[in-house]
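In: attaching a predicted model along with its sequence, questions to come.
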Amino acid sequence: MLMGCHAVRRGYARVSTADQSLEGQIQALEDVGCTLIFQDKASGAKADRPALASLLETLSPGDAVIVTRIDRLARSTFDLFGIVRRIVDAGASFRSIAEPWADTSTSTGRLMLAVLGGVADVERDLIRTRTSEGRQRARQRGVRLGRPSKLTPAQIGEIRRCLGEGGGLAELAHAHGVSLATISRLRGRRNASLPTAKPGCE
């Protein structure tokens, strides 16, 4: 797949759904000299894009990564900066055919990368703030955050009853298919000094 130590023009083409055609992007990338073209059929918001991952992992210094438009590579400034940063850190360059200013081999393109970094930092802070505010609003509504419990309310009630009667932690964990830590947390919420074992609740 690689051409020895020679620099390679690598094209990246993406469409969002399987029924869309990559033909137009592939032709445009071949027209500008791309000898390797990586193709994904997936949303730009998806982190799992096998062709993009392969492209980034096999980059060599001097290579060029070319897309027809920036939105083929990423759907947010934060993601775009992260991907372009990886390309540049590998010693390669990035270029968009439709956006001539997006060319990291030029001084304008390098300025663009610096600006992208600043915007990405702002975007990351906004996401963090929105997430924090969303969690706070959820707590105010009484929503429990975190992974859903593996136990039903009835099972929790039964476990607490058995703990109150001295049921063993290991036996209860095994009987309900959960970890010892889960049973221990339920015991801690009920009473920190319960007996360790009693027949009848195994």
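Out: In hand now; what should we look at? None of these values were measured; they are calculated from a predicted model. Numbers count the residues shown, from 1 in each chain.
In: what's downstream of the worst-scoring helix or strand of the chain on mean pLDDT, the next helix or strand?
Out: Lowest by mean pLDDT, DSSP states H and E among the helices and strands of the chain is helix 107-140, with a mean of 72. The helix or strand immediately downstream of helix 107-140 is helix 153-164, counting by DSSP states H and E.
In: ranges for the strands of this protein?
Out: For the chain, strands defined by DSSP state E occupy the ranges 9-15, 36-41, 64-67, 93-96.
In: export those strands to TSV and tack on mean neighbour count?
Out: Any C-beta I mention is one placed from the backbone N, CA and C, and that applies to glycine too. Below are the strands of the chain laid out as TSV (neighbours: other Cβ atoms under 10 Å):
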stretch	mean neighbour count
strand 9-15	23
strand 36-41	19
strand 64-67	24
strand 93-96	22
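In: show me what contacts Ile83?
Out: By Cβ atoms under 8 Å, 6 or more residues apart in numbering, the residues touching Ile83 are Leu52, Leu56, Leu73, Ala74.
In: and the furthest pair within those?
Out: Across the contacts of Ile83, the longest distance by Cβ to Cβ is 12.2 Å; it joins Leu56 and Ala74.
In: so where's the chain uncertain?
Out: 1-6, 44-47, 117, 119-128, 130, 132-133, 138, 142-149, 189-202 (pLDDT under 70).
In: 80 - rerun?
Out: 1-7, 43-48, 75-78, 112-152, 164-171, 173-177, 180, 183-202 (pLDDT under 80).
In: okay, now the residue lying closest to Arg95 once chain neighbours are set aside: neighbour count?
Out: Nearest in space to Arg95, with sequence neighbours left out and distances taken as Cβ to Cβ, 6 or more residues apart in numbering, is Asp103 at 4.5 Å. By the criterion of other Cβ atoms under 10 Å, Asp103 has 19 neighbours.
In: ok, Asp103 to Cys34 distance?
Out: Distance, Asp103 to Cys34, by Cβ to Cβ, to the nearest Å: 15 Å.
In: likewise for Met112?
Out: Relative to Cys34, Met112 is positioned 21 Å away (Cβ to Cβ).
In: do the same with Arg49
Out: Arg49 is 18 Å from Cys34, where distance means Cβ to Cβ.
In: circling back: Thr152: which of the strands of the chain is closest?
Out: Checking these against Thr152 by Cβ to Cβ gives strand 36-41 as the closest, at 40.4 Å.
In: quick one, the closest one and strand 9-15 angle?
Out: 10 degrees (axes from the mean of the first three to the mean of the last three Cα atoms, to 10 degrees).
In: sheet partners, orientation included, of strand 36-41?
Out: Under the criterion DSSP bridges, strand 36-41 sits next to strand 9-15 (parallel) in its sheet.
In: any idea how far the partner strand is from the middle of the chain?
Out: The chain centre lies 21 Å from the centre of strand 9-15; the measure is Cα atoms, centre = their mean, to the nearest Å.
In: quick one: residues in contact with that strand.
Out: 21-22, 25-26, 29-30, 32-42, 44, 49, 51-52, 55, 59, 63-68, 72-73.
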